[in-house]
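In: Could you look at this predicted model? Sequence included:
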Amino acid sequence: MGSFAALIVAGGSGSRFGGSVPKQYETLGRLPIIRRAVNAFLAAKDCCALQVVIGAGQEVHYASAMRGLDALPPVPGGETRQESVRRGLDALSPHAPEFVLIHDAARPLVSSDIIASVAAVLKQGAEAVVPLLPVSDSLRQMNGGLVGDAIPRDWVCRVQTPQGFLYAGIREAHARFAGGGATDDIALAERAGMKIIAVAGEEANIKVTTESDLAFAERLVGGKADIRTGGGFDVHRFTAGDHVWLCGIRIPHACGLEGHSDADAGLHALTDAILGAVAAGDIGQHFPPSDPKWKHAASRLFLAHAAELVKQRGGTILHCDITIICEAPKIGPHRGAMRASVAEILELDIGRVSVKATTTEGLGFTGRSEGLAAQATATIRLPT
C-alpha cells in the first residue's frame, strides 16, 4: 500500500539541442542523462515499477544507456508528449499502481527529496501534485526584440517534474482529453477538475534543452562528489604447482596456489576493495566458488566486473594500493608488470596503481610458507 510507479518520458528527438544523439542519451558526468533520471527513481524505496517511453529508432541508444537497470521493457512514444504519456500509462496497467510519478528524462538531476515529497503528498490523499519553483527574477514582455511591459511575478512559478497523480485518475484524464495538446500532465489534471497540490521544486532540477543547459548541469555534477574508500583481504594456501598468479601476472614458483579460480590473491583483494567502496557486497556474492562456471577463471574478469559497477554509477576509480604478504616468491622483480596489469584492467594511469610487498618476519602461516595473503584499498569518486 502506498507504492508508486514511475513513468519516464524519453520520446523526444532533442531537435533544439542538436548533437549526434537525442539529448536524453548525451553524457552528463560519465552517465547518460536518461540513466541519471532513472537511477533517482529506482533508488526510491516505494517505487514498485519503472516504465520508460522512448522515441522511434532509439532502441539501440536506450539499451546501451540502461544496461543492467531494473526497468520494464520500453514502449514506443507517440507524435506528441501527451500521446507518449498515455501509452506509458497503458503499459503500466498490468502492475495496477495506486500512484504514478511522471517525469521528463531531460531532468537528470531530480533529487530524492523531490521524489519523496511528491509521493508523500499523494499518500496523504492528494489527486495531483506538482513541484513549483517561484520566479525570483523580474519579468518583462518582449516583442521582436523590444522590451515591453513588466509582468508581476508574485504569482508566477516554474513548473517541474516529477508530477504525481492517482494512477486511475490521470489515466482516465488522458483517455478523456486525448489529442488535446497538453504540454504537461498537470494541465490535463486541471481540465479533469482534480485538486492539485504544490510542493517545492529545486533549482538543480533543470531541464536540459540546449548545450548551455548541459554545460550548467556538468558544473553542478562536477561540484559534488562522494569520495569513498574500500578495503579487501584474501588468503590462499600453497599447493603443488610451478607458478602462482599475482595481480594478473604468472610468476614461476616452487608451489601453486589452491583456489576455485586462478587464486590470484592480489586481484581478489582489490576486487573486494572496489566492491566495498560501492557497497556492492563481496567477490563471493558475484562469483560464488560453488559455481563451476568460475572454475580456473582468470581473476582479471572479477576485477573488470567490479570496475564496471563503478562505471555504471558514473563513478571513477581514483587510486588503488595492493600489498602482497609472503616469504616467497619475491615480488620486487615483478612489481612493474603487476602495476601495469592492474592499470590495464581498470583503465587507469599506472601512476594511480601501487603494488607493495612485505613479510611477517617468519611468523604465522605466511612466515611458515604455508600460503600467502594480500590486502588492498581502493579510492573511488561517485557523483552525489
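Out: Okay, I see it. Residues are numbered from 1 along each chain as shown.
In: Spatially central residue in the protein, please.
Out: The residue lying closest to the centre of the chain (Cα atoms, centre = their mean) is residue 313, at 3.6 Å.
In: Next one: the closest residue to it other than its chain neighbours from residue 53, what distance?
Out: Computed as Cβ to Cβ, 6 or more residues apart in numbering, the closest residue to residue 313 that is not its neighbour in sequence is residue 382, at 5.8 Å. Using the backbone N, CA and C atoms, a C-beta is placed for each residue, glycine as well. According to Cβ to Cβ, to the nearest Å, residue 382 stands 28 Å off from residue 53.
In: Could you count how many residues lie near the residue nearest to residue 313?
Out: 16 (other Cβ atoms under 10 Å).
In: ditto for residue 332
Out: Residue 332: 10 neighbours (other Cβ under 10 Å).
In: Over to residue 111?
Out: There are 13 residues near residue 111, going by other Cβ under 10 Å.
In: What sits closest to it if chain neighbours are left out?
Out: That would be residue 202: by Cβ to Cβ, 6+ apart, it lies 6.0 Å from residue 111.
In: Likewise for residue 102?
Out: residue 7 (4.8 Å).
In: Would you map out the domains in this protein?
Out: 4-222, 226-382 (automatic domain parsing).
In: The stretch 201-350 of the chain: helices as residue ranges?
Out: Assignment of helices within the stretch 201-350 of the chain using DSSP state H, counting those that start in this stretch yields the ranges 211-222, 265-277, 283-286, 300-312, 335-346.
In: same question, the stretch 1-150 of the chain
Out: Using DSSP H, counting those that start in this stretch, helices in the stretch 1-150 of the chain cover 33-42, 59-65, 81-92, 112-123.
In: Tell me which of these sits nearest to residue 21.
Out: helix 59-65 (5.7 Å; Cβ to Cβ).
In: Who are the contact partners of the residue nearest to the centre of the chain?
Out: 31, 39, 278, 382, 383 (Cβ atoms under 8 Å, 6 or more residues apart in numbering).
In: could you point out where the stretch 251-384 of the chain is predicted with low confidence?
Out: Residues of the stretch 251-384 of the chain that meet the criterion pLDDT under 70 lie in 384.
In: For the residue nearest to residue 346 when sequence neighbours are not counted, list the residues it contacts.
Out: Using Cβ to Cβ, 6+ apart and skipping the chain neighbours, the partner closest in space to residue 346 is residue 307 (5.2 Å). Each residue near residue 307 by Cβ under 8 Å, 6+ apart is listed here: 274, 317, 345, 346, 347.
In: Mind giving me the PyMOL select for those, buried ones only?
Out: Restricted to buried positions by 16 or more other Cβ atoms under 10 Å, the PyMOL selection for the contacts of residue 307 reads:
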select buried, resi 274+317+345+346
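In: how about the contacts of residue 307, which pair is most distant?
Out: Distance extremes for those: the farthest pair is 274 and 347 at 12.8 Å, using Cβ to Cβ.
In: quick one on the thing from earlier: gap between the residue nearest to residue 346 and residue 183?
Out: 42 Å.
In: now residue 88
Out: 16 Å.
In: These two: who's more crowded?
Out: Higher neighbour count among residue 88 and residue 183: residue 88, with 28 against 11, using other Cβ under 10 Å.
In: dump the residue contacts of that one.
Out: Here residue 88 is in contact with 7, 9, 51, 52, 53, 75, 77, 102 (criterion: Cβ under 8 Å, 6+ apart).
In: Give the bridge partners for the second one, please.
Out: What that stands for is residue 9. residue 53, residue 104 (DSSP bridges).
In: On the pLDDT front, check it for me.
Out: The predicted structure scores residue 9 at 96 on the pLDDT scale.
In: Pull the number of nearby residues for it.
Out: 24.
In: from what I can see it touches residue 84, true?
Out: Yes. Judged on Cβ atoms under 8 Å, residue 9 makes contact with residue 84 at a distance of 5.7 Å.
In: Need the overlap of contacts for these two.
Out: Common neighbours of residue 9 and residue 84 (Cβ under 8 Å, 6+ apart) are 53, 77.
In: Let me see the contact set for the residue lying closest to residue 189 once chain neighbours are set aside.
Out: Closest residue in space to residue 189, ignoring its immediate chain neighbours: residue 128 at 4.0 Å, by Cβ to Cβ, 6+ apart. When contacts are counted by Cβ under 8 Å, 6+ apart, residue 128 touches 163, 164, 165, 166, 169, 170, 186, 189, 194, 195, 196, 197.
In: 7 Å - rerun?
Out: Residues in contact with residue 128 (Cβ atoms under 7 Å, 6 or more residues apart in numbering) are 164, 165, 186, 189, 194, 196.
In: Kindly tell me how buried the first one is, as a neighbour count.
Out: For residue 164, the number of neighbouring residues by other Cβ under 10 Å comes to 33.
In: Repeat that for the fourth one.
Out: Other residues within reach of residue 189 by the criterion other Cβ under 10 Å amount to 24.
In: What about the contacts of residue 313, which are in strands?
Out: Judged by DSSP state E, strands contain the following of the contacts of residue 313: 31, 382.
In: Tell me which two of the contacts of residue 313 sit farthest apart.
Out: Most distant of the contacts of residue 313, by Cβ to Cβ, are 31 and 278, 14.0 Å apart.
In: Which of these two has more residues huddled nearby?
Out: residue 31 (21 against 18).
In: pull the longest strand from this structure.
Out: strand 226-240.
In: how about that strand as PDB, C-alpha atoms only?
Out: Output of strand 226-240 as PDB, limited to C-alpha atoms (Å, rounded to 0.1, in the frame of the first residue of the first chain):
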ATOM      1  CA  ASP A 226      31.100  11.300  -3.000                       C
ATOM      2  CA  ILE A 227      34.700  10.100  -2.200                       C
ATOM      3  CA  ARG A 228      34.800   6.500  -0.800                       C
ATOM      4  CA  THR A 229      37.500   4.100   0.200                       C
ATOM      5  CA  GLY A 230      37.000   0.300   0.300                       C
ATOM      6  CA  GLY A 231      39.300  -2.400   1.700                       C
ATOM      7  CA  GLY A 232      39.800  -6.100   0.800                       C
ATOM      8  CA  PHE A 233      41.800  -9.000   2.100                       C
ATOM      9  CA  ASP A 234      42.400 -12.500   0.700                       C
ATOM     10  CA  VAL A 235      44.400 -15.600   1.600                       C
ATOM     11  CA  HIS A 236      45.300 -18.700  -0.500                       C
ATOM     12  CA  ARG A 237      47.100 -21.900   0.600                       C
ATOM     13  CA  PHE A 238      50.200 -23.200  -1.300                       C
ATOM     14  CA  THR A 239      49.700 -26.400  -3.200                       C
ATOM     15  CA  ALA A 240      51.500 -28.500  -5.800                       C
END
